[in-house]
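*Asks:* Based on what follows, work out the 3D shape:
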Amino acid sequence: MSIQRSDDYRYTVDVSGTDVTPLAQVEAYFGTLTVRVHNISNGGMAVIFSEESTFKVGEVLSVSVNVRGRAFPVQIEVKGIRGLRLSCAFVEPS
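*Replies:* Residues are numbered from 1 along each chain as shown. Okay, the predicted model is just below:
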């Protein structure tokens, strides 16, 4: 049985609003591109780009997540795209 996630969010944060959250200490790097992390959990994360990305749902990406100066290489699968926000699941999370 597959559970579908809702596209109706209780709130949204644009790029400028991400500077005022505790997650301002967390960044994700897609090669040379740095993006803001909107939320992160054991299962995945959502990132916000400053402009529209070319990624597709189902695409698996290698990224580096920097938490308070400590880098973690991870693979994520794009699960949803809504505007500038990508919702992703960790592939084989450790």
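*Asks:* Tell me where the model's unsure across the protein.
*Replies:* By pLDDT under 70, the low-scoring segments of the chain are 1-25, 93-94.
*Asks:* Identify, by residue count, the longest strand of it.
*Replies:* Longest strand of the chain, by residue count under DSSP state E: strand 70-82.
*Asks:* Could you list every helix and strand in contact with whichever helix or strand comes after that strand?
*Replies:* Sequence order places strand 85-90 as the next helix or strand after strand 70-82, per DSSP states H and E. If you count contacts as 3 or more CB pairs under 8 Å, 6 or more residues apart in numbering; DSSP states H and E, strand 85-90 packs onto strand 44-48, strand 70-82. All C-beta spots, glycine's among them, are computed from the backbone N, C-alpha and C.
*Asks:* Single out the most deeply packed of the ones you listed.
*Replies:* strand 44-48 (a mean of 21; mean count of other CB atoms under 10 Å).
*Asks:* immediately after it, which helix or strand?
*Replies:* Trace forward from strand 44-48 with DSSP H and E and the next one is strand 60-67.
*Asks:* nearest to residue 26, of the helices and strands packed on strand 85-90?
*Replies:* Nearest to residue 26 among the helices and strands packed on strand 85-90 is strand 44-48; the distance by CB to CB comes to 8.4 Å.
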